[in-house]
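>>> sequence and predicted structure, then a few things I'm wondering about:
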Amino acid sequence: MKTEDLLRILAEDTLPRPGARQVLMRWIGPAMAVAFLAMAATLGLRDGLVAALSQPLVGLKMVLPLVLAAAALPLALVLARPGATGQGRWLLIAPALAALAAAYAWIVTPEGARMMAFTGKSVSVCLISIPLLSLPILAAVMLALRHGAVTAPGRAGAVAGLAAGGLATAIYAMHCIEDSPMFYATWYSLGILAAAGIGAALGPRFLRW
Amino acid sequence: MHDRKADWVLLLRAANAGDARAYGLFLEAVTPVLRGVIRARGAGLGPEEGDDILQEVLLAIHLKRHTWREGDPVAPWVYAIARHKVVDAFRRRGRRVQVPIEDFTEVLPAPPEADPTERHDMDKLIAMLEPRAAAVIRGIGIEGASIAETGKRMDMTEGAVRVMLHRSLRKLAELRERYIEI
């Protein structure tokens, strides 16, 4: 086939395709519902959820992952547009605030209680649950990115993983009773980084085009 | 150079608003530039193999055309897609190639070489489509049939022809990803 023949074919194909943003809007809600139901069914909501989360330093464990996701999701969509340059600096807001909250907690926690507040009792549940709960959400974000055109698949996958990890962590926080910022700033962050690692590993395979 | 890029914006904007003729002109306008890029990077590639890669890049631009956002410049978008596909095409052909982004701005548009031979990769891929889809593609491309004529000839509605054409192009890109590794 000659190139001019191909051009004629391409010009005849006028059907629109859904963009990455549209696909994301369609699937992110259902994916989060799946993660929430999985959390509620296997781990369960904590007692006194609303009362606990309405204390500022406790509520932050749900708010900060959402802040991270709010930065990562738009960045992922930018990375699905060839030639567009993304603003990675918004990703730093949540970790910076988490570090401040953890430092504050370290200061106000009595010396003898610090180690306890830091290690808590559920590190392993936390580190396993966050990446697992992020999987359905990661699938939705990756599906959306496949409708775009990612030119840096490892990086886009990692950002997708951060977004999915952030949203999964906000869901996990409704179960978790560890309320010290020292705990969640550390272990939630590691869980989210694991989700980002999964995204980075899957990106080159699933975001090809 | 500046005028060329301004034209691209106008054409692609009109194309996205449903102007098929503007879209055809857009594709015709970017083709010589892409050919120049591939020729400049592909030392040792014959003109035939270069045009195989060109067709691959054009198909990619087509299938990803909705990732250009109204208001963004078109040239960096075209170059980013071309760069990605050119690097990928060379990699699959077992060559590593560095394509610095600034190269694209210096490349001169290249006319088609006096080589009327038809390209092979695309024909092989079209042959892998189911027969009716292949007939639609060949009818429009090689015989220059319109959507309406194709519909009449194959006893399909125009809508069905459009859907089959669209799906076939996506399928061709998938098949290329899977099978072309020379």
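Great, that's in hand.
>>> which strand or helix spans residue 139?
If you meant another chain, say so; for now it's chain A. Element membership of residue A:139 [criterion: DSSP states H and E] is helix A:123-146.
>>> wrong one, I was asking about chain B
Here residue B:139, judged by DSSP H and E, is contained in helix B:131-141.
>>> next secondary structure element downstream of that helix?
Later in the chain than helix B:131-141, the nearest helix or strand by DSSP H and E is helix B:147-154.
>>> just checking, what packs against that next one?
In this structure, helix B:147-154 packs against helix B:131-141, helix B:158-179, with contacts taken as 3 or more Cβ pairs under 8 Å, 6 or more residues apart in numbering or on different chains; DSSP states H and E. Placement of C-beta: from N, CA and C, glycine included.
>>> burial check on residue A:61, number of neighbours?
26 (other Cβ atoms under 10 Å in any protein chain shown).
>>> distance check, it against chain B.
The spacing between residue A:61 and chain B, counted by Cβ to the nearest Cβ, to the nearest Å, is 35 Å.
>>> and that residue, what helix or strand is that in?
Assigned by DSSP H and E, residue A:61 falls within helix A:56-79.
>>> what comes up buried for that helix?
Neighbour counts over helix A:56-79 (16 or more other Cβ atoms under 10 Å in any protein chain shown) mark A:58, A:60-65, A:67-69, A:71-79 as buried.
>>> what lies in contact with the helix or strand following that helix?
Following helix A:56-79 in sequence order, the next helix or strand is helix A:93-108 (DSSP H and E). Contact partners of helix A:93-108, identified using Cβ atoms under 8 Å, 6 or more residues apart in numbering or on different chains, comprise A:57, A:60, A:64-65, A:67-68, A:71, A:114, A:117, A:166, A:180-182, A:184-186, A:188-189.
>>> need the pLDDT of residue 104.
Defaulting to chain A. pLDDT recorded at residue A:104 is 97.
>>> switch to chain B, that's the one I care about
With respect to pLDDT, residue B:104 scores 59.
>>> over to residue A:84?
pLDDT for residue A:84: 87.
>>> correct me, but it touches residue B:68?
No - with contact defined as Cβ atoms under 8 Å, residue A:84 does not reach residue B:68; the gap is 9.7 Å.
>>> could you list the low-pLDDT ranges of the chain?
All of this refers to chain A. By pLDDT under 70, chain A contains no weakly predicted segment.
>>> I was thinking of chain B, sorry if that wasn't clear
Within chain B, the segments meeting pLDDT under 70 span B:1-4, B:42-47, B:94-108, B:112-119, B:180-182.
>>> the biggest helix by length in chain A near chain B at all?
If you go by DSSP state H, chain A has its longest helix at helix A:181-206. No - using Cβ under 8 Å from any Cβ of the partner chain, we find that helix A:181-206 stays clear of chain B, coming within 11.6 Å at best.
>>> which one of the helices and strands packed on helix B:147-154 lies nearest to residue A:92?
Of all the helices and strands packed on helix B:147-154, the one in closest proximity to residue A:92, counting by Cβ to Cβ, is helix B:158-179 (35.9 Å).
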